[in-house]
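> Requesting a structural model of the entry that follows:
(chains A, B, C and D)
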There are 2 protein chains.
Amino acid sequence: MSAVRQRILIIDDEPQIHRFLGPALDAAGYEPLRADSGQEGLRGIALWSPDAVVLDLGLPDMDGKAVLEKARAFYEGPIVILSARDREAEKIQALDLGANDYVEKPFGVGELLARLRVALRQRGQAQGPLAPIRAGAVEIDLEKHLVTRDGAVVKVSPREYEVLARLAQARGKVLTHKDLLTAVWGPAHAQDTQYLRVFVGQLRQKLEADPSTPTMILTEPGIGYRFIAD
Amino acid sequence: MSAVRQRILIIDDEPQIHRFLGPALDAAGYEPLRADSGQEGLRGIALWSPDAVVLDLGLPDMDGKAVLEKARAFYEGPIVILSARDREAEKIQALDLGANDYVEKPFGVGELLARLRVALRQRGQAQGPLAPIRAGAVEIDLEKHLVTRDGAVVKVSPREYEVLARLAQARGKVLTHKDLLTAVWGPAHAQDTQYLRVFVGQLRQKLEADPSTPTMILTEPGIGYRFIAD
DNA sequence: TTCCGCCTTTACGCTCCCCTTACGCCGATC
DNA sequence: GATCGGCGTAAGGGGAGCGTAAAGGCGGAA
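Below is the predicted model of the structure:
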């Protein structure tokens, strides 16, 4: 059992679905997150980066397929569609837009949970078990959501952690400004590179031995940033 | 279009399923493989290692769930279950035994194909990192966006990297001045060949053993440049 | 309510990257 | 031998992009 429960975001406008699915997920060992509209759902994905998403296609404020498409622009985790519509074309379209599964309403909770397990299982083995990432005296434990330096816990704000975690997970790969911004702030702020300068600067202040000559978070001018692990 | 079509093994005892699904898969660009019993199916998976498996749970010779379980002992690819039984417990059990999806009969071919695409898509992105390009002591890792020489990282500016990456990807083919200029600087600068002379010169300074007699980035007078990899 | 922490936004100095120009070399052509 | 086009090298000016500091706003906690 992991220390932190896997978080599942439910995007649905019907309160009874939340009342019904929330406790079921909780009982199954997940942490349910809630969004009541498409807009809220997209913000939730960007903000919380949940381990999986359950998305109802029949939302009042925007088309469910549009939500799916926008989400896929910056979210790679599993998305399970929930829908009362059982037209085959609808299913095919949703699946080809990047959904991992499609469950028709009315549905059995047991089946939905099983399908979530499948989606999470695939994601799990694709990424492998997440061990703490080390870089010099700094250690980043993604599972415990904890950053330490010389064994001491370093206080990092939520946004700072998000940026650091993305960089660390990329393992030496350059992440472009756009990659980071859409992942952490959402696609609406894909141009605000100044955010990154500020937050990377703060992380360097807290983590680098000499913040003015960084060895851990490197700048790739004109491109983005790169994290160097041991 | 890939040179070799992805192979899908259908395990089902009903001939009409094969008559029906075989041509559909073929038309969708896959190569259908056939097995008419559980035993035959397991042998088929081991023998052909198909890219995905469609497994009917209602087989005459052995229980479908047993086939699934045995298959998972040595096969990691996607397995989509097909079944006339719609009992929820049945679905949950199959999904937890390692199935990637569960489709009830009667089913639409379109939906089955869409679900196969989902399964294959997930598998596809799990593997396949592209190998670095080597040329003597120089290594270009397009994925990590990194250039090394004798193992040490070489500092290349964004424009320099763009030019180098295009040349390296062409793998020995000549790229004309126009090709490179439009790709890196845009069509507006398709005539500014002087840009290339400067940047190719800088790359040679950084990467060639003897910059005055280049062996990696060669000049094709009047045409363009060529990259020689190992 | 007040206080505090975090995020956002603006301002400013600085580095270094890109573009440009100048010049010398080489081979082909006249 | 003179001329010319294509190429390579060197160097400088301008500017885009980066890092840093700091102030204002917002929401949550005390």
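> show me what contacts the spatially most central residue of chain A?
By Cα atoms, centre = their mean, chain A has its centre lying nearest to residue A:49, at 2.3 Å. Residues in contact with residue A:49, defined by Cβ atoms under 8 Å, 6 or more residues apart in numbering or on different chains, are A:75, A:77, A:162, A:183. In this view, the C-beta of every residue, glycine as well, is placed from N, C-alpha and C.
> my guess is the first one contacts residue A:45, does it?
Yes: using Cβ atoms under 8 Å, residue A:75 is in contact with residue A:45, at 5.0 Å.
> Same drill for these two, tell me which one is more crowded.
Neighbour comparison, residue A:75 and residue A:45: the larger count goes to residue A:45, with 24 against 21 (by other Cβ atoms under 10 Å in any protein chain shown).
> could you check whether the helix or strand where that one lies is close to DNA strand D?
Element membership for residue A:45, per DSSP states H and E: helix A:38-48. No: using Cβ under 7 Å from any atom of the strand, helix A:38-48 stays clear of DNA strand D, coming no nearer than 12.2 Å.
> The longest helix seen in chain A - contacts with which helices or strands?
Criterion DSSP state H: the longest helix present in chain A is helix A:109-127. Packing partners of helix A:109-127 (3 or more Cβ pairs under 8 Å, 6 or more residues apart in numbering or on different chains; DSSP states H and E): helix A:15-27, strand A:52-56, strand A:79-83, strand A:101-104, helix B:88-96, helix B:109-126.
> Out of these, flag the one nearest DNA strand C.
Among the helices and strands packed on helix A:109-127, strand A:52-56 comes nearest to DNA strand C, with 21.3 Å by Cβ to the nearest atom of the strand.
> Which residues does that closest one contact?
With Cβ under 8 Å, 6+ apart as the criterion, strand A:52-56 contacts A:6, A:8-14, A:17, A:21, A:41, A:45, A:64, A:67-68, A:71, A:75, A:77-83, A:99, A:112, A:116, A:119-120, A:123.
> Just the buried residues out of those residues, in ChimeraX syntax.
Those of those that count as buried under 16 or more other Cβ atoms under 10 Å in any protein chain shown are selected in ChimeraX with:
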select /A:6,8,9,10,11,12,13,17,21,41,45,64,67,68,71,75,77,78,79,80,81,82,83,99,112,116,119,120,123
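> any idea which of the helices and strands packed on helix A:109-127 is most buried?
Comparing the helices and strands packed on helix A:109-127 by mean neighbour count (mean count of other Cβ atoms under 10 Å in any protein chain shown), strand A:52-56 comes out on top with a mean of 24.
> Residues of chain A that sit close to chain B?
Neighbours of chain B within chain A, by Cβ under 8 Å from any Cβ of the partner chain: A:88-89, A:91-92, A:95-96, A:99-101, A:108, A:110-111, A:113-115, A:117-118, A:122, A:125-126, A:172-174, A:220-223, A:226.
> which residues touch the closest residue to residue A:107 other than its chain neighbours?
Closest residue in space to residue A:107, ignoring its immediate chain neighbours: residue A:82 at 7.2 Å, by Cβ to Cβ, 6 or more residues apart in numbering or on different chains. With Cβ under 8 Å, 6+ apart as the criterion, the residues that contact residue A:82 are A:12, A:17, A:54-57, A:103, A:105, A:107, A:112.
> Just put the residues you listed in TSV and tack on pLDDT.
Below are the contacts of residue A:82 laid out as TSV (pLDDT from 0 to 100):
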residue	pLDDT
A:12	92
A:17	90
A:54	95
A:55	95
A:56	94
A:57	92
A:103	94
A:105	84
A:107	89
A:112	95
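> In TSV, list those residues along with distance to DNA strand C.
Below are these laid out as TSV (distance: Cβ to the nearest atom of the strand, whole Å):
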residue	distance to DNA strand C
A:12	26
A:17	29
A:54	26
A:55	24
A:56	27
A:57	29
A:103	34
A:105	35
A:107	36
A:112	33
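> any idea how far residue A:171 is from residue A:135?
11 Å (Cβ to Cβ, to the nearest Å).
> same check, this time on residue A:226
From residue A:226 to residue A:171 the distance is 10 Å (Cβ to Cβ).
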